[in-house]
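Visitor: sharing a sequence plus its predicted fold:
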Amino acid sequence: MNQIKSLYQELRKKHGKPEGQWKLWCKRPKTKSEREEVIIGAILTQRTNWRNVELSISNLKKAGACSLAKISKLGARKLRPLVRPSGFYKTKADYLLGAAKFFARKPKRIKRGDLLGLKGVGKETADSILLYALDKPIFVIDEYTRRLVKEKGLAKDLSYDHLQKLFEENLSKKWRLYQDFHALIVIDAKNKK
DNA sequence: AACCAGGAGAGAG
DNA sequence: CTCTCTCATGGT
């Protein structure tokens, strides 16, 4: 067994299954609206803690607009105050509208490159959407992953692409495993503090 | 009351 | 390609 798999076993042993804490993101199967909530959350959580994202999601739900179609109809002016708690509310409102427009065309095969073409969607957000909303076996790399790899001395190159390759090449290509593993990394990081 | 929280775009060098 | 600045709120 390689070091990456061992790391997963270690985190699994320490924290159990992640769906206790990541109720939505590690849930399966997900309904269509749950998948959309993951997409919305993935964009809103950029450079913001999850608590504030939940406040925004809550606002959207109260406004009956926690879906991509509803968001489109809302428009920027009405959307901004709802997503304000998660910060960067003007830009994030635009990001959500862009994403909503993209998914409204119901693309059959959603490619990573298409997501990366959206404003406000970089590698981490694109991969989070692919993995957690669309169940694609793509490993998400974030600051927590980077810190953990550095701490464990598992790699010298900490760039996104290299770390993603490191995880994907050392694990069986299963989205359930990727979802749980990444969630456990975040849970573990937060647990340390 | 400074500092951080599950980034990404735009511009500069 | 690698910095650096900007976007901005809410909790501690």
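Guide: Structure's in. What do you need? Numbers count the residues shown, from 1 in each chain, chains lettered A, B, ... in the order given.
Visitor: thinking residue A:136 is in contact with residue A:130, fair?
Guide: Yes. Residue A:136 is within contact range of residue A:130, at 4.1 Å (criterion: Cβ atoms under 8 Å). C-betas here are computed from N, CA, C, even on glycine.
Visitor: for the residue in chain A that DNA strand B sits nearest to, what are its contacts?
Guide: As assessed by Cβ to the nearest atom of the strand, DNA strand B sits closest to residue A:122 within chain A, at 2.6 Å. Under the criterion of Cβ atoms under 8 Å, 6 or more residues apart in numbering, the neighbours of residue A:122 are residue A:116.
Visitor: for it, grab phi and psi.
Guide: Main-chain torsions, residue A:122, degrees, to the nearest 10: phi -100, psi -170.
Visitor: neighbour count: residue A:136 and residue A:130, which is higher?
Guide: residue A:130 (22 against 14; other Cβ atoms under 10 Å).
Visitor: low-confidence ranges, chain A, go.
Guide: For chain A, the stretches with pLDDT under 70 are A:193.
Visitor: helices along that one, start to end?
Guide: All helices of chain A, identified by DSSP state H, fall at A:3-15, A:32-44, A:50-62, A:68-83, A:89-104, A:112-116, A:123-128, A:143-152, A:160-169, A:175-192.
Visitor: burial count for the nearest residue to residue A:104 once chain neighbours are set aside?
Guide: Counting by Cβ to Cβ, 6 or more residues apart in numbering, residue A:104 lies nearest to residue A:72, which is 6.3 Å off, once chain neighbours are set aside. Counted with other Cβ under 10 Å, the neighbours of residue A:72 add up to 17.
Visitor: distance of residue A:72 relative to residue A:101?
Guide: 7 Å (Cβ to Cβ, to the nearest Å).
Visitor: contacts only, for the nearest residue to residue A:34 once chain neighbours are set aside.
Guide: Nearest in space to residue A:34, with sequence neighbours left out and distances taken as Cβ to Cβ, 6+ apart, is residue A:24 at 6.2 Å. Residues near residue A:24 by Cβ under 8 Å, 6+ apart: A:30, A:34, A:37, A:38, A:41.
Visitor: closest one to residue A:53 out of the residues you listed, please.
Guide: Distance ranking of the contacts of residue A:24 against residue A:53, using Cβ to Cβ, places residue A:41 first at 5.7 Å.
Visitor: next, the contact list for that closest one, please.
Guide: A:24, A:25, A:53, A:57.
Visitor: about what we covered before: anything in contact with each of residue A:72 and residue A:101?
Guide: What both residue A:72 and residue A:101 touch, as defined by Cβ under 8 Å, 6+ apart, is an empty set.
Visitor: ok, the residue of chain A positioned farthest from its centre - contacts?
Guide: No residue in chain A sits farther from the centre than residue A:1, which is 27.6 Å out by Cα atoms, centre = their mean. Contacts for residue A:1 were tallied using Cβ under 8 Å, 6+ apart; they are residue A:9.
Visitor: look up how far residue A:9 lies from it.
Guide: For residue A:1, the distance to residue A:9 - Cβ to Cβ - is 8 Å.
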